[in-house]
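**Student:** Below: sequence and its predicted model.
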Amino acid sequence: MKTLRHGRIELALHRFAEGEGTPLLLLHGLGSGAASLRATQPRWRGPMHALDFSGHGQSGWLRGGAYHPEMLAADADAALAELGSAVLCGWGLGAWVALLLAGARPALVPAALLLSGEGLEGGGALPDFDQPRVLPEAVSVGADPGSGAQERVDPAALGCLIRDFRPEAYASDFARAATRLVLIEDGQPRPPWWQAIRRLPGVEQRSDDVSAVLAALSVS
């Protein structure tokens, strides 16, 4: 594991596999961490890394302020700066972060693969400050930022991120700027922002296993 600095936060960047060529950066879903992705490591010819977002896993917790997806995208940007360039693969909230980073850094992100997972929907197209920021009952929350537990989660992270807003036009702007976007479709309903980018020319839709899609991306 390598520690990176993003503002006041120390981020945990995990190296899952060695290899030559373009790195793959895995981005986990809401309330999870890089450790949860070890069992689902896809096939990839180059080096493979996974990032713990702020407030998740072995990364630090925010002291003051609030978590938001753009902050997590900046987390991933710090990892991208370390790697130089990377294909992104994100689940749930990690898919939204992958979209933001792919559109913001098209020269450094040759492709981004988006999959369903926890935190995919967000809270709609507009802020809804009247709704409580409640935590999913199934999420296990750690209490000690210094414990080193792999699935430790800051409850404030979930409280802030559970209902972050996702404007369709905002998503589409990032999608248009991205070099290559691939959406994994499994027949399940998708949020409006996903449906909006799905309709854009050049955005690819696949129903293959994630390893099969990444295997194709690794040689393209």
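**Tutor:** Nice, I can see it. Numbers count the residues shown, from 1 in each chain.
**Student:** Which strands or helices does the worst-scoring helix or strand of the chain on mean pLDDT pack on?
**Tutor:** Of all helical and strand segments in the chain, the minimum by mean pLDDT, DSSP states H and E falls on helix 210-219, at a mean of 82. Where contact means 3 or more Cβ pairs under 8 Å, 6 or more residues apart in numbering; DSSP states H and E, helix 210-219 is packed against strand 87-91, strand 112-115, strand 181-184. For glycine as for every other residue, the C-beta is placed from the backbone atoms N, C-alpha and C.
**Student:** is it possible to export the ones you listed to JSON lines including distance to His49, mean pLDDT and mean neighbour count?
**Tutor:** JSON lines is the format used below for the helices and strands packed on helix 210-219 (distance: least, Cβ to Cβ, whole Å; pLDDT from 0 to 100; neighbours: other Cβ atoms under 10 Å):
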{"stretch": "strand 87-91", "distance to His49": "10", "mean pLDDT": "96", "mean neighbour count": "27"}
{"stretch": "strand 112-115", "distance to His49": "14", "mean pLDDT": "97", "mean neighbour count": "27"}
{"stretch": "strand 181-184", "distance to His49": "19", "mean pLDDT": "97", "mean neighbour count": "22"}
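**Student:** now those in JSON lines, with distance to Pro42?
**Tutor:** Below are the helices and strands packed on helix 210-219 laid out as JSON lines (distance: least, Cβ to Cβ, whole Å):
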{"stretch": "strand 87-91", "distance to Pro42": "7"}
{"stretch": "strand 112-115", "distance to Pro42": "9"}
{"stretch": "strand 181-184", "distance to Pro42": "11"}
